[in-house]
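Engineer: for reference, the sequence and a predicted model appear below.
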Amino acid sequence: MSNETKLRWGILGAARINQQLMPAIVEAHNSELVAIASRRSGAAAETLVKYAPEQQNVQIYDDPNALLDNPDIQAVYNPLSNHEHAEWTLRAIKKGKHVLCEKPMALTVADIEAIEAAASEHNVTVMEGFMYRYHPQHARVKAIIDSGLIGKVRSVRACFSFMMQPARMYRLADDIDHGGGAMWDIGCYAIHAARLPFFDELPLSVTAMAKYTKTGADISSSGIMDFGDGRYAQFDFSFERARRAEYEVIGTLGGLKCHNVWAKQAETPVISWWTEDGKGEQERLPVANHFGLEVEHFSDCALNGKPTGLPLADAKNNCRIIVAALQSAAQGQRKQLS
Ligand SMILES: NC(=O)c1ccc[n+]([C@@H]2O[C@H](COP(=O)([O-])OP(=O)(O)OC[C@H]3O[C@@H](n4cnc5c(N)ncnc54)[C@H](OP(=O)(O)O)[C@@H]3O)[C@@H](O)[C@H]2O)c1
């Protein structure tokens, strides 16, 4: 057990998502916000005033490299744009920092392999920021499945969609190779949620289809992963459909549904289940803040040398599937993975 009780954090960019992560770091019992950087003049200070106005003595940097040079910072949160994640995560690791990197960790498996090798060499903790996994509702889903209530899992369907506001359409300005489009933004969640903890292995193959914008970004997509023996996991995501954030799991004896996969702090999580012999229930669970739980978990792992709940092997598998799904949609072909 480490003697240090609080992990000292720096934030690498003044991204919008700091609205969630900055208070989470400030409020976590085992974390301390030490610094924030932004390459845009005034943006880091503005973010701090907006999302953590009570915080004193937080250092402001106009260069993320200078933040990484500060030996007082033990861990960084990387919320930069998708195509910058791998580069800045590697830079941070090489400066001996633990890194919580926003999803997707990288746009290629090779980049995650490089991150994994560097993390091992520098003995630091690195995790992809799939915050939703830290919401207790998913542990409840796992407990229901582990109890045998719905039998053996045979299929999963995960959906994530909403009408993208015009102001946010810049996410579609870049093509897929540069981190733009719905797959890298929300499809990575749908694929992740359709896999874990139901099928914690690489699928045999993936088949997908997509609609594209003129800039070469995907805006809607749907696909299916084949885990063998008739076990299929479907994913479906879109920036031009009504809001859905759910997954459904069908087993040999019944099924269950998680109604709000990305339940926010104030939203009551709801899980419903049913069995073929007529039992069923809709469970309303206590509210929880998955961002806060994610930060506390990461700090605990980094301070005490514990493995995280989302190992880099999982980040590599998710990336492999995403890349194959993107190729499948572009080429109109099923892609073999194992
Ligand atoms: N876990 C979640 O719930 C969640 C939710 C949303 C997004 N995300 C992920 O978090 C990451 C950041 O997403 P976001 O929507 O918060 O990103 P964003 O606001 O677009 O910011 C991303 C980066 O771009 C730069 N930037 C921001 N506004 C800019 C502007 N007006 N002009 C030029 N550069 C600007 C910032 O770097 P500088 O400060 O250095 O300029 C910032 O760190 C993405 O990887 C995304 O996938 C996660």
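Structural biologist: Great, that's in hand.

Engineer: got the residues of this structure near the ligand?
Structural biologist: 13-17, 38-40, 43, 79-82, 102-103, 129, 131, 185 (C-beta under 6 Å from any ligand atom). Just so you know, the C-beta spots here come from the backbone N, C-alpha and C atoms, and that holds for glycine as well.

Engineer: of those residues, select the buried ones using a ChimeraX command.
Structural biologist: Buried members of the residues of the chain next to the ligand, defined by 16 or more other C-beta atoms under 10 Å, are picked up in ChimeraX with:
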select :13,14,15,38,43,79,80,81,82,102,103,129,131,185
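
Engineer: host element of whichever residue of the chain sits closest to the ligand?
Structural biologist: Among all residues of the chain, residue 13 sits closest to the ligand, at 2.3 Å; criterion: C-beta to the nearest ligand atom. For residue 13, there is no host helix or strand (DSSP states H and E).

Engineer: skipping its backbone neighbours, what lies nearest it in space?
Structural biologist: residue 80 (4.6 Å; C-beta to C-beta, 6 or more residues apart in numbering).

Engineer: wouldn't the one you found be in contact with residue 12 here?
Structural biologist: Yes - using C-beta atoms under 8 Å, residue 80 makes contact with residue 12 at a distance of 5.9 Å.

Engineer: so what sits against both of these two?
Structural biologist: Shared contacts of residue 80 and residue 12, defined by C-beta atoms under 8 Å, 6 or more residues apart in numbering, are found at 64, 88.

Engineer: contacts only, for the residue nearest to residue 13.
Structural biologist: Contacts of residue 80 (C-beta under 8 Å, 6+ apart): 12, 13, 15, 64, 88, 102.

Engineer: what are the phi and psi values for the spatially most central residue of the chain?
Structural biologist: For the chain, the residue sitting closest to the mean C-alpha position, by C-alpha atoms, centre = their mean, is residue 130 at 2.3 Å. Per-residue torsions, residue 130: phi -80, psi 80 (degrees, to the nearest 10).

Engineer: and the gap between it and residue 143?
Structural biologist: 20 Å (C-beta to C-beta, to the nearest Å).

Engineer: residue 212: which of the contacts of residue 80 is nearest?
Structural biologist: Closest to residue 212 out of these is residue 102 (23.9 Å), distances taken as C-beta to C-beta.

Engineer: ok, then the element right after the longest helix anywhere in the chain?
Structural biologist: Counting residues, the longest helix found in the chain (DSSP state H) is helix 312-331. Next along the chain after helix 312-331, taking DSSP H and E as the criterion, comes strand 335-336.

Engineer: verify the stated contact: residue 183 with residue 222.
Structural biologist: No - between residue 183 and residue 222 there is no contact under C-beta under 8 Å: 11.3 Å.

Engineer: now do the shared contacts for these two.
Structural biologist: Joint contacts of residue 183 and residue 222 (C-beta under 8 Å, 6+ apart) are 210, 237.

Engineer: ok, these two, which is more surrounded?
Structural biologist: Neighbours around residue 183 and residue 222, counted as other C-beta atoms under 10 Å, are more numerous at residue 183. The numbers are 27 against 19.

Engineer: not counting sequence-adjacent ones, nearest residue to that one?
Structural biologist: Using C-beta to C-beta, 6+ apart and skipping the chain neighbours, the partner closest in space to residue 183 is residue 218 (5.4 Å).

Engineer: burial count for that neighbour?
Structural biologist: 28.

Engineer: what are the phi and psi values for it?
Structural biologist: phi -80, psi 140.

Engineer: show me what contacts it?
Structural biologist: Residue 218 makes contact with 176, 181, 182, 183, 187, 210, 211, 212, 326, 329 under the criterion C-beta under 8 Å, 6+ apart.

Engineer: before we move on, what about residue 58?
Structural biologist: Counting by C-beta under 8 Å, 6+ apart, residue 58 touches 33, 34, 35, 36, 48, 52.

Engineer: ok, residue 7 next?
Structural biologist: Contacts of residue 7 by C-beta under 8 Å, 6+ apart are 30, 31, 32, 74, 75, 98, 298, 299, 302, 303.

Engineer: for it, which non-adjacent residue is closest in space?
Structural biologist: Nearest to residue 7 is residue 299, by C-beta to C-beta, 6+ apart, at 4.0 Å.

Engineer: and residue 250, by the same measure?
Structural biologist: residue 155 (4.8 Å).

Engineer: what's the helix or strand harbouring the one you found packed up against?
Structural biologist: Following DSSP H and E, one finds residue 155 within strand 153-163. When contacts are defined as 3 or more C-beta pairs under 8 Å, 6 or more residues apart in numbering; DSSP states H and E, strand 153-163 packs onto helix 188-195, strand 232-238, strand 240-251.
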